[in-house]
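# from the sequence below, what's the structure:
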Amino acid sequence: MPSPPIRITDADDPRIAEFRGIRERDLVGRRGVFIAEGTVVLRMLAAAHAVGGDFCADKILLLENRVEGVGDILTLYPADVPVYVAGAAVLDAIAGFHLHRGVLALGRRVRQSTVAALLASVPDPGLVVIACGISNHDNIGSIFRNAAAFGASAVFLDETSCDPLYRKALRVSVGSVLSVPYVRGGSALDLLQEVSDAGFSIYGLSPRGECEIGTIAPARGIALVTGTEGEGLPAAIMARFKTARISQKPGLDSLNAATATGIALYEMARRQGLI
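Here you go, the predicted model:
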């Protein structure tokens, strides 16, 4: 149970400095801290904190009229996580814009796994997602949400993909970034080679894929690879690894990266017996 809420009356109060001007700057990449926004993400962060997972909460900032509504979530946090409360005008001045949700938390990543460790933890049969060059935060958030929904054991992102702990990506994922294990870093080709060397069957998603997604046979481990909007996966990846397509009506552009990943995950999760 957290300690009683602490009222903030000054937007420049140093105790809530990390929340100040969050529209103009994001904390991602700075000491492993990030901003969690909304009740669903607040609950997911509490769950991660409670089980001693990869994430914990440092402090919480609420609009005064939201305190009662999130009371059940606050009980999930330990007493050493301070809860700050402010009126609408003060909270807007802190955030730098009108914060409709009125629910913020400062989270911190306390542990980072490795590609090898995550691959070793994938069950047999298993399914993972690899994101290459995904720079759109909505797509990253949606990919994590799809991964959680269809039982993917991990998400791997190359160094050119955006950080899933960015506030918008985390919000779009409805907190799934905090529940689906992931590793971000390294080149796409090096990442894919490591996954392949671990015995996973790799399929790059492309409208020009050599096989239809529904024809892929179950395997010990399957990795679905998705690329950036427009350009898709680099030619070097398409040439080195197997590719799969999702049939669609002729004459239309390719599917959105997150949508394609969701469809492919659903199909492969069924074939792998995960759903």
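# from now on I want contacts and neighbour counts done on CA atoms only, so please keep to that.
Will do.
# tell me how far residue 131 lies from residue 158.
7 Å (CA to CA, to the nearest Å).
# and the strands in this structure, which stretches?
Applying DSSP state E to the chain gives strands spanning 6-7, 33-37, 55-63, 83-86, 103-109, 126-131, 154-157, 182-184, 201-205, 211-212, 221-226, 242-245.
# so for residue 269, which of those strands sits nearest?
Of all the strands of the chain, strand 126-131 sits nearest to residue 269, with 7.2 Å by CA to CA.
# may I have the closest one as CSV, with CA atoms only?
In CSV, the C-alpha atoms belonging to strand 126-131 read as follows (Å, rounded to 0.1, in the frame of the first residue of the first chain):
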residue,chain,number,x,y,z
GLY,A,126,7.5,-21.0,-29.7
LEU,A,127,7.0,-17.8,-31.6
VAL,A,128,8.9,-14.5,-31.6
VAL,A,129,8.8,-11.2,-33.4
ILE,A,130,11.7,-9.3,-34.9
ALA,A,131,11.3,-5.6,-35.9
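# now do the buried residues in it.
126-131 (16 or more other CA atoms under 10 Å).
# and stretch 209-220, by the same measure?
209, 211, 213, 218-219.
# put together JSON lines for these, with distance to residue 188 and pLDDT on each row.
JSON lines is the format used below for those (distance: CA to CA, whole Å; pLDDT from 0 to 100):
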{"residue": "209", "distance to residue 188": "18", "pLDDT": "91"}
{"residue": "211", "distance to residue 188": "22", "pLDDT": "95"}
{"residue": "213", "distance to residue 188": "22", "pLDDT": "95"}
{"residue": "218", "distance to residue 188": "24", "pLDDT": "95"}
{"residue": "219", "distance to residue 188": "22", "pLDDT": "95"}
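# middle-most residue in the chain, spatially?
Geometric centre of the chain, nearest residue: residue 177, 2.9 Å, by CA atoms, centre = their mean.
# my guess is that one meets residue 164, correct?
Yes - in this structure, residue 177 is within contact of residue 164 by CA atoms under 8 Å, at 6.6 Å.
# which neighbours do those two share?
141, 170 (CA atoms under 8 Å, 6 or more residues apart in numbering).
# so residue 79 touches residue 3, yeah?
Yes - the criterion here is CA under 8 Å, and residue 79 meets it with residue 3 at 5.1 Å.
# specify the angle between the lengthiest helix in the chain and strand 201-205 in degrees.
For the chain, the helix with the greatest residue count under DSSP state H is helix 257-271. Angle of helix 257-271 versus strand 201-205, following axes from the mean of the first three to the mean of the last three CA atoms, to 10 degrees, is 140 degrees.
# name the nearest residue to residue 33, ignoring sequence neighbours.
Spatially, and ignoring its direct neighbours in sequence, residue 33 is nearest to residue 108 (4.2 Å; CA to CA, 6 or more residues apart in numbering).
# need the contact list for that neighbour.
Going by CA under 8 Å, 6+ apart, residue 108 touches 32-34, 55-58.
# make it 6 Å
32-33, 55-56 (CA atoms under 6 Å, 6 or more residues apart in numbering).
# who's it bridged to?
As for beta bridges, residue 108 partners with residue 33, residue 56 under DSSP bridges.
# that one and residue 55, how far apart?
Distance from residue 108 to residue 55, by CA to CA: 6 Å.
# please apply the same query to residue 184.
Counting by CA to CA, the gap from residue 184 to residue 55 is 15 Å.
# check residue 32 too.
10 Å.
# so which of these two has more stuff around it?
Shown here are residue 32 and residue 55; by other CA atoms under 10 Å, residue 55 has more neighbours (24 against 15).
# so the more buried one makes contact with residue 111?
No - using CA atoms under 6 Å, residue 55 makes no contact with residue 111, being 7.2 Å away.
# before we move on, the earlier item: reformat the buried residues of stretch 209-220 as JSON lines; add distance to residue 248.
Output for the buried residues of stretch 209-220, formatted as JSON lines (distance: CA to CA, whole Å):
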{"residue": "209", "distance to residue 248": "12"}
{"residue": "211", "distance to residue 248": "13"}
{"residue": "213", "distance to residue 248": "12"}
{"residue": "218", "distance to residue 248": "23"}
{"residue": "219", "distance to residue 248": "25"}
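# which among the residues you listed gets closest to residue 171?
residue 213 (29.2 Å).
# just checking, the closest one touches residue 243?
No - under the criterion of CA under 6 Å, residue 213 is not in contact with residue 243, lying 8.9 Å apart.
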